[in-house]
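Q: I'll drop the sequence and a predicted model, then ask my questions.
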Amino acid sequence: MKTTPLIELHKKLGAHLTEFYGFLMPLYYKSIRDEHLSVRNGVGIFDVSHMGEIEIEGKKAKLFADYILTNNINLTSYGDVKYTVMCNEEGGILDDLFSYTFSDERILLVVNASNIEKDFNWIKKHLWDGLSVKNISSEIVEFAIQGPQAEKFLQSFTDFNLSQIGYFKFNEIEIFGEKLLVSRTGYTGEDGFEVYMKAPLGERIFMDVLEKGKKFNLLPCGLGARDTLRFEVCYWLYGNDIDESTNPIESGQKFLVDFSKNDFIGKKALEKIKEEGVRRKWRGLEVSGGIARHGYKIFKDEKEVGFVTSGNFSFILNKSLALAYIDLPYGKIGEEVKISGKGREFTGKVIKKPFIKPRTKK
């Protein structure tokens, strides 16, 4: 099983570990609830070094990225981060990822841990002549420092004015005594930053953050809180909410597809889907009777009309919620459905998404 370079440190910190797509990762340290609330109310740090980094270089690197990704990468310049999906020819979602533009000749893609090899091979298969692609995932450590106090806390480590880094922007700055890539991005729905560094720097910097973070009641956070935080703001989890059997029109990610672009992989298929209309949509549910888990079936008047993609308990709203694909014409706001899985039955009511409005800096 793979580990991040900080695995021994996590063990010393008392992390409860879990397997996640082939990686041994901290699930939680103290408790998922405490870590969740630390990020919602103050600041927390996540080791997200399981994420993949793929570098594309060469004369037309940006144009190539624009071709393999659905969002408009061609209009970006140094310091721009784009959230996007990468689709196959049928419009199925291969991955959702961040694209970092350094120049016309250098692009960094930050991809999901579950898809590193798949994405790398897909890019290599479609690579244009004169370009190179490298999987540098094992060389990089990434930390996410998230929460309403994230900027104030992180500012104590640098003379660079962090307020100058806008949402979905990055810069390479002197911080923690090193020149590091810092982006105003995250997966929690709170303001925050993601910091990238060479692997040998990771342990010292993580410990620096924990030490200085005591004044801010900062907690180290695991994948458990990462999941409950993203769930409350209805961010997608690859492998649960989206995969190659879903497309960005039905998943609510149409905003990531720039149909005005000349061409990109999957464009024709997605245009057809948009024109013909989708048969299902990704909806939010308030659940009574327990937590509805991934794969549980949804019924309306005894007819199967969908399935749950993610289900969890909201620590902020203090209720059980779920995300699900529901066939049209079902799934209207306020509509009640039955949910069934593993011998258990629940009732659900369709509600608006997101469950909690993100508080990211605009």
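A: Yep, that arrived. Given the structure is predicted, the values throughout are model-derived calculations rather than measurements.
Q: any idea how far Phe346 is from the residue positioned nearest the centre of the chain?
A: What sits nearest the mean C-alpha location of the chain, by C-alpha atoms, centre = their mean, is Tyr187, with 5.0 Å. Distance, Tyr187 to Phe346, by C-beta to C-beta, to the nearest Å: 27 Å. Backbone N, C-alpha and C define where each C-beta goes, glycine included.
Q: domain assignment for the chain?
A: Per the record, the chain has its domains at 2-49+139-232, 279-351, by automatic domain parsing.
Q: contact partners of stretch 160-169?
A: The contact list for stretch 160-169 (C-beta atoms under 8 Å, 6 or more residues apart in numbering) reads 79-83, 151, 154-155, 171, 173-175, 182-185, 193, 360-362.
Q: now, which of these lie within helices?
A: Residues of these located in helices (DSSP state H): 151, 154-155.
Q: for the stretch 201-350 of the chain, which segments count as helices?
A: Secondary structure of the stretch 201-350 of the chain (DSSP state H, counting those that start in this stretch): helices at 202-212, 223-232, 267-276.
Q: of the ones you listed, which is nearest Phe299?
A: Closest of the helices of the stretch 201-350 of the chain to Phe299 is helix 223-232, at 22.8 Å (criterion: C-beta to C-beta).
Q: what packs against that closest one?
A: Applying 3 or more C-beta pairs under 8 Å, 6 or more residues apart in numbering; DSSP states H and E, one finds that helix 223-232 contacts strand 23-28, helix 32-41, strand 44-47, strand 303-314, strand 319-327.
Q: buried residues, that helix. List them.
A: Neighbour-count burial for helix 223-232, counted by 16 or more other C-beta atoms under 10 Å, picks out 223-232.
Q: what is the neighbour count of Glu90?
A: By other C-beta atoms under 10 Å, 14 other residues sit near Glu90.
Q: got the confidence number for the residue nearest to it when sequence neighbours are not counted?
A: Nearest non-adjacent residue to Glu90, counting by C-beta to C-beta, 6 or more residues apart in numbering: Ala269, 5.1 Å away. At Ala269, the model reports a pLDDT of 99.
Q: what's the answer for the one 3 residues further on, then?
A: pLDDT recorded at Lys272 is 99.
Q: what's the distance between it and Trp282?
A: 20 Å.
Q: who's more crowded, these two?
A: Trp282 (23 against 11).
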